[in-house]
Each structure stands twice: as structure tokens, then as C-alpha cells.
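**Q** what's the 3D shape of this:
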Amino acid sequence: MAGRSRVTRESIVEHARRIVAEHGTAALTFQALAGALGVTKQAIIYWYPNKWELIRDFSLPELRAEADVLIAALAPTTSGAAAMESFVRALVAHHLADLGRFRMLYLAPQFDERAAGPGAGELLAPIHAATSSMYGALAEKLGADKGFTGDNDARRLAVAAHMAGIGFITMVALADSMDDPMAHRIDTMLDALVALLTRAPAVAQ
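**A** Now for the predicted structure:
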């Protein structure tokens with residue numbers, strides 16, 4: 001096999017995307033990447049000493065793409081309820097279109113013990129910037145509608161909405177991976193989630 005001179009970080013990430021798309025997240029190993037690229041495993045490790053760094057480079061463009069989708073969905077909305085609904089529906093639609101990508105973005109880092117190791121703060125900075133942009137866009141829309149937000153902090157509501165949407169997708173992904181269809185149709189469950197989130201929030205304590 002050829003050595004590390006034949007590969008770059010970009011080519012490794014590109015092949016990681018292909019492996020996840022075709023075979024799922026469990027198939028993404030350094031050995032699988034080495035085989036796909038026709039190099040030694042050490043050539044992969046030269047560029048990515050641990051899987052967390054690979055997940056970071058795989059995920060960051062996807063997270064930025066998610067932020068772009070959500071910000072675009074918010075643009076035409078003119079009320080807090082409409083913004084909340086557009087945000088959640090766009091989030092769910094974006095990730096249900098590619099559950100493999102979702103698993104790499106939101107689930108895979110939970111299973112890598114190095115994710116919280118030394119230097120994690122530096123790795124997380126661009127991730128925080130991406131999430132902050134989507135939270136900020138929703139918070140701006142919510143904050144402009146005091147009839148919807150009441151005394152609640154708009155930013156906190158935005159983060160909670162994103163968490164709710166991610167939780168929804170996680171359960172769908174779990175049912176998919178277990179080949180255990182949900183008792184209720186996904187679209188009706190999404191309607192129920194939207195109905196909950198578009199009610200005027202309770203007054204903060």
C-alpha cells in the first residue's frame with residue numbers, strides 16, 4: 001500500500017462521508033478508511049490521531065449546513081409561533097433526509113471518550129459558533145414577538161426548541177436502527193411536537 005503522502009485530511013473526510021452514507025456509522029473505522037483509500041492505517045492516523053478529530057472535521061461542515069437551512073427557514077416568518085414551527089420542521093426534515101449524517105453529527109461523539117479530553121475547548125469553538133448562529137437567528141424572531149415569549153428569555157427558548165427537535169430525530173433514528181417502526185406516524189408526531197412548542201411558553205419562574 002502507498003504511504004501517507006497519497007492522502008490528505010480532505011480526502012479522508014470525503015471517504016468517511018461515503019462510508020457512513022453507504023454502510024452506516026458503525027462501519028467507519030480507521031481500517032475501513034485505509035482500505036478505501038488504499039493506504040496503511042498508520043497513514044490515516046498520521047492525519048487523525050483519534051476518531052474525535054475526524055468526527056469534528058466530518059461534522060463541522062454538516063453543522064454549518066444545518067445552521068444555513070434553519071436560518072433560511074426563519075427568514076420569511078413574521079411571528080414567534082411561525083418562527084418556532086418553521087425552525088423545528090426544517091430541522092427535522094433536514095436530518096430525516098440523512099440519518100447517517102445525523103448519527104455522525106449528534107450521536108457518534110457521545111461514544112468517543114477523547115471528546116472531552118485536553119484541548120477539546122479549541123476543537124469545540126467552531127462548533128459553538130455554528131450552533132450560536134442558529135440559536136441567535138431563532139431568538140431574534142422570538143424576541144420580537146413578546147406576545148409569544150412573554151417573560152421568557154428568547155435565547156433559552158431557541159436552545160430548548162433545538163434540543164426538542166434533536167430529541168425527536170434521535171427517537172426516529174433509534175426506531176430505524178432497531179427496525180422497530182414507531183406506533184404513530186412520524187408526520188403526526190411532528191405535528192404534535194410543533195403544537196406543543198408553538199403554545200405561548202409558561203412565564204419564567
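**Q** how much space separates residue 149 from residue 141?
**A** Distance of residue 149 to residue 141, given as C-beta to C-beta, to the nearest Å: 10 Å. C-beta here means a position set from N, CA and C on the backbone, and glycine is covered the same way.
**Q** hey, what's in contact with both of the two?
**A** residue 80 (C-beta atoms under 8 Å, 6 or more residues apart in numbering).
**Q** looking at the two, which one has more neighbours?
**A** residue 141 (24 against 21; other C-beta atoms under 10 Å).
**Q** you'd agree the more buried one is up against residue 75?
**A** No: between residue 141 and residue 75 there is no contact under C-beta atoms under 8 Å: 9.3 Å.
**Q** which residue ranges of the protein form helices?
**A** Counting by DSSP state H, the chain has these helices, from start to end: 9-23, 30-37, 41-47, 51-74, 80-96, 99-102, 120-143, 146-149, 154-177, 186-197.
**Q** export those helices as JSON lines, with columns for mean pLDDT.
**A** Output for those, formatted as JSON lines (pLDDT from 0 to 100):
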{"stretch": "helix 9-23", "mean pLDDT": "87"}
{"stretch": "helix 30-37", "mean pLDDT": "92"}
{"stretch": "helix 41-47", "mean pLDDT": "92"}
{"stretch": "helix 51-74", "mean pLDDT": "91"}
{"stretch": "helix 80-96", "mean pLDDT": "98"}
{"stretch": "helix 99-102", "mean pLDDT": "90"}
{"stretch": "helix 120-143", "mean pLDDT": "89"}
{"stretch": "helix 146-149", "mean pLDDT": "94"}
{"stretch": "helix 154-177", "mean pLDDT": "96"}
{"stretch": "helix 186-197", "mean pLDDT": "96"}
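**Q** between those helices, which one is closest to residue 108.
**A** With C-beta to C-beta as the criterion, residue 108 lies closest to helix 51-74 of these, at 5.4 Å.
**Q** so what angle separates the directions of that closest one and helix 120-143?
**A** 10 degrees (axes from the mean of the first three to the mean of the last three C-alpha atoms, to 10 degrees).
**Q** quick one: helix 51-74 to chain centroid distance?
**A** Put simply, helix 51-74 sits 6 Å off its chain's centre (C-alpha atoms, centre = their mean, to the nearest Å).
**Q** okay, angle between it and helix 30-37 too, please.
**A** 80 degrees.
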